[in-house]
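Student: coords please:
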Amino acid sequence: MNQPRLATEQDMPRVLELINELAVFEKEPDAVEITLNDLERDGFGNQPKFTCFVIEEKATIEGLALVYTRYSTWKGRVLHLEDLIVSKTKRGEGLGTKLLDAVVKHGNKLGVKRISWEVLDWNEPAIKFYESKGANVMRDWDVVHFDETAIKNYLNNL
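Tutor: Prediction:
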(Lines give C-alpha, C1' and ligand atoms only; values in the text may rest on other atoms or scores of the structure.)
Protein backbone atom coordinates (compact mmCIF):
# COMPACT_ATOMS: atom_id res chain seq x y z
CA MET A 1 0.00 0.00 0.00
CA ASN A 2 1.26 3.46 -0.84
CA GLN A 3 2.12 6.06 1.74
CA PRO A 4 0.52 9.50 1.92
CA ARG A 5 2.16 12.27 -0.06
CA LEU A 6 1.65 16.00 -0.35
CA ALA A 7 -1.12 16.80 -2.79
CA THR A 8 -0.39 18.66 -6.00
CA GLU A 9 -2.55 21.14 -7.82
CA GLN A 10 -3.34 18.39 -10.32
CA ASP A 11 -4.87 16.31 -7.49
CA MET A 12 -7.51 18.90 -6.67
CA PRO A 13 -10.27 17.55 -8.97
CA ARG A 14 -10.20 14.22 -7.08
CA VAL A 15 -9.87 16.04 -3.76
CA LEU A 16 -13.06 17.95 -4.59
CA GLU A 17 -14.81 14.67 -5.47
CA LEU A 18 -13.88 13.26 -2.06
CA ILE A 19 -15.06 16.43 -0.32
CA ASN A 20 -18.42 16.05 -2.06
CA GLU A 21 -18.53 12.36 -1.09
CA LEU A 22 -18.01 13.36 2.54
CA ALA A 23 -20.82 15.92 2.31
CA VAL A 24 -23.18 13.19 1.13
CA PHE A 25 -22.03 10.91 3.99
CA GLU A 26 -22.59 13.74 6.49
CA LYS A 27 -26.14 14.24 5.13
CA GLU A 28 -25.38 17.67 3.65
CA PRO A 29 -25.01 16.92 -0.08
CA ASP A 30 -25.67 20.52 -1.12
CA ALA A 31 -23.45 22.22 1.46
CA VAL A 32 -20.16 22.23 -0.49
CA GLU A 33 -19.61 25.69 -1.93
CA ILE A 34 -15.89 25.45 -2.57
CA THR A 35 -14.81 25.14 -6.20
CA LEU A 36 -11.89 23.56 -7.96
CA ASN A 37 -10.56 27.07 -8.58
CA ASP A 38 -10.77 27.82 -4.84
CA LEU A 39 -8.75 24.70 -3.97
CA GLU A 40 -6.14 25.39 -6.63
CA ARG A 41 -5.79 29.07 -5.67
CA ASP A 42 -5.81 28.58 -1.91
CA GLY A 43 -3.67 25.47 -1.65
CA PHE A 44 -0.77 26.44 -3.86
CA GLY A 45 1.42 29.42 -4.63
CA ASN A 46 3.51 31.67 -2.40
CA GLN A 47 1.28 31.52 0.68
CA PRO A 48 -0.86 28.37 0.69
CA LYS A 49 -3.77 28.48 3.12
CA PHE A 50 -3.73 24.73 3.71
CA THR A 51 -1.65 21.59 3.39
CA CYS A 52 -3.24 18.50 1.89
CA PHE A 53 -2.02 14.93 2.08
CA VAL A 54 -3.42 12.31 -0.29
CA ILE A 55 -3.10 8.55 -0.45
CA GLU A 56 -3.47 6.49 -3.60
CA GLU A 57 -4.27 2.92 -4.48
CA LYS A 58 -3.80 1.76 -8.05
CA ALA A 59 -3.12 5.35 -9.21
CA THR A 60 -6.42 6.65 -7.77
CA ILE A 61 -6.56 9.01 -4.81
CA GLU A 62 -8.66 7.20 -2.21
CA GLY A 63 -8.16 9.49 0.78
CA LEU A 64 -7.04 12.89 1.95
CA ALA A 65 -6.24 14.88 5.05
CA LEU A 66 -6.45 18.67 4.83
CA VAL A 67 -4.80 20.73 7.59
CA TYR A 68 -3.85 24.31 8.41
CA THR A 69 -2.24 26.11 11.34
CA ARG A 70 -4.12 28.17 13.89
CA TYR A 71 -3.11 29.99 17.02
CA SER A 72 -4.42 29.07 20.46
CA THR A 73 -4.41 31.61 23.25
CA TRP A 74 -3.67 28.74 25.61
CA LYS A 75 -1.18 26.70 23.63
CA GLY A 76 0.29 28.82 20.84
CA ARG A 77 0.64 27.35 17.37
CA VAL A 78 -1.72 24.41 16.75
CA LEU A 79 -2.65 22.35 13.72
CA HIS A 80 -6.28 22.01 12.66
CA LEU A 81 -7.34 18.90 10.78
CA GLU A 82 -10.23 20.16 8.68
CA ASP A 83 -11.07 16.80 7.17
CA LEU A 84 -9.72 13.29 7.01
CA ILE A 85 -11.60 11.53 4.21
CA VAL A 86 -11.31 7.98 2.95
CA SER A 87 -13.47 6.96 0.01
CA LYS A 88 -16.44 4.86 1.02
CA THR A 89 -15.16 1.80 -0.83
CA LYS A 90 -11.78 1.89 0.95
CA ARG A 91 -12.75 2.45 4.58
CA GLY A 92 -11.38 -0.07 7.04
CA GLU A 93 -8.29 -0.83 4.96
CA GLY A 94 -5.80 1.27 6.95
CA LEU A 95 -5.74 4.37 4.74
CA GLY A 96 -7.16 6.57 7.50
CA THR A 97 -4.42 5.48 9.88
CA LYS A 98 -1.74 6.27 7.31
CA LEU A 99 -3.25 9.72 6.70
CA LEU A 100 -3.50 10.43 10.43
CA ASP A 101 0.12 9.30 10.81
CA ALA A 102 1.12 11.85 8.15
CA VAL A 103 -0.83 14.61 9.92
CA VAL A 104 0.76 13.86 13.30
CA LYS A 105 4.25 13.74 11.77
CA HIS A 106 3.57 17.06 10.00
CA GLY A 107 2.33 18.66 13.23
CA ASN A 108 5.37 17.39 15.12
CA LYS A 109 7.69 18.75 12.42
CA LEU A 110 5.97 22.15 12.73
CA GLY A 111 6.37 22.03 16.51
CA VAL A 112 2.67 22.52 17.25
CA LYS A 113 1.34 22.11 20.77
CA ARG A 114 -1.93 20.47 19.71
CA ILE A 115 -3.70 18.94 16.74
CA SER A 116 -7.47 19.41 16.83
CA TRP A 117 -10.53 18.66 14.73
CA GLU A 118 -14.27 18.07 14.98
CA VAL A 119 -16.26 14.88 14.50
CA LEU A 120 -20.03 14.53 14.24
CA ASP A 121 -21.49 13.05 17.42
CA TRP A 122 -23.35 10.36 15.45
CA ASN A 123 -20.25 9.20 13.56
CA GLU A 124 -19.38 6.45 16.03
CA PRO A 125 -16.96 4.61 13.69
CA ALA A 126 -14.87 7.79 13.36
CA ILE A 127 -15.06 8.50 17.10
CA LYS A 128 -13.90 4.96 17.90
CA PHE A 129 -11.10 5.26 15.33
CA TYR A 130 -9.84 8.55 16.81
CA GLU A 131 -10.10 7.28 20.38
CA SER A 132 -8.21 4.11 19.43
CA LYS A 133 -5.37 6.37 18.28
CA GLY A 134 -5.28 8.19 21.63
CA ALA A 135 -7.34 11.27 20.72
CA ASN A 136 -9.47 12.91 23.39
CA VAL A 137 -13.00 13.38 22.03
CA MET A 138 -14.25 16.33 24.08
CA ARG A 139 -18.00 15.78 24.15
CA ASP A 140 -18.61 18.72 26.46
CA TRP A 141 -17.61 21.30 23.82
CA ASP A 142 -19.97 22.54 21.13
CA VAL A 143 -18.86 23.88 17.77
CA VAL A 144 -19.94 27.49 17.26
CA HIS A 145 -19.80 29.36 13.98
CA PHE A 146 -21.30 32.18 11.98
CA ASP A 147 -22.19 31.21 8.42
CA GLU A 148 -22.17 33.84 5.67
CA THR A 149 -25.78 34.85 6.33
CA ALA A 150 -25.17 35.18 10.06
CA ILE A 151 -22.10 37.36 9.40
CA LYS A 152 -24.14 39.71 7.23
CA ASN A 153 -27.03 39.80 9.72
CA TYR A 154 -24.64 40.50 12.57
CA LEU A 155 -23.01 43.36 10.69
CA ASN A 156 -26.40 44.77 9.69
CA ASN A 157 -27.35 44.93 13.36
CA LEU A 158 -24.29 46.88 14.48
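
Student: name the SS class of residue 140, please.
Tutor: Here residue 140 is coil, with the state taken from DSSP: H, G, I helix; E, B strand; the rest coil.

Student: give me the neighbour count for it.
Tutor: Residue 140 has 4 neighbours, counted by other CB atoms under 10 Å. The way it works is simple: take the backbone N, C-alpha and C, and place the C-beta from them, glycine included.

Student: for it, give me the pLDDT.
Tutor: Per-residue pLDDT puts residue 140 at 90.

Student: quick check: it vs residue 121, distance?
Tutor: The span separating residue 140 from residue 121 equals 12 Å under the rule CB to CB, to the nearest Å.

Student: give me the element the most centrally placed residue in the chain is part of.
Tutor: Nearest to the geometric centre of the chain sits residue 83, at 1.8 Å (CA atoms, centre = their mean). According to DSSP states H and E, residue 83 maps onto strand 76-86.

Student: give the buried residues for that strand.
Tutor: 78-81, 83-86 (16 or more other CB atoms under 10 Å).

Student: among those residues, which pair sits farthest apart?
Tutor: Within the buried residues of strand 76-86, 78 and 86 form the most distant pair, 23.6 Å apart (CB to CB).

Student: hmm, back to that, give me the distance between the closest residue to the residue nearest to the centre of the chain other than its chain neighbours and residue 19.
Tutor: Spatial nearest neighbour of residue 83, chain neighbours left out: residue 66 (5.3 Å); criterion: CB to CB, 6 or more residues apart in numbering. To residue 19, residue 66 is 8 Å away according to CB to CB.

Student: picking that back up, can you list the strands that the strand holding residue 83 pairs with?
Tutor: If you go by DSSP bridges, strand 76-86 pairs up with strand 60-72 (antiparallel), strand 115-116 (parallel).

Student: mean pLDDT added to these, as a markdown table?
Tutor: Compiled in a markdown table, the strands paired with strand 76-86 are given as follows (pLDDT from 0 to 100):
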| stretch | mean pLDDT |
| --- | --- |
| strand 60-72 | 97 |
| strand 115-116 | 96 |
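
Student: nearest to residue 23, of these?
Tutor: Closest approach to residue 23 among these (CB to CB): strand 60-72, 13.7 Å.

Student: remind me what the lengthiest helix in the chain packs against, helices and strands.
Tutor: In the chain, taking DSSP state H as the definition, the longest helix is helix 95-110. Applying 3 or more CB pairs under 8 Å, 6 or more residues apart in numbering; DSSP states H and E, we find helix 95-110 packed against strand 51-57, strand 60-72, strand 76-86, strand 115-116.
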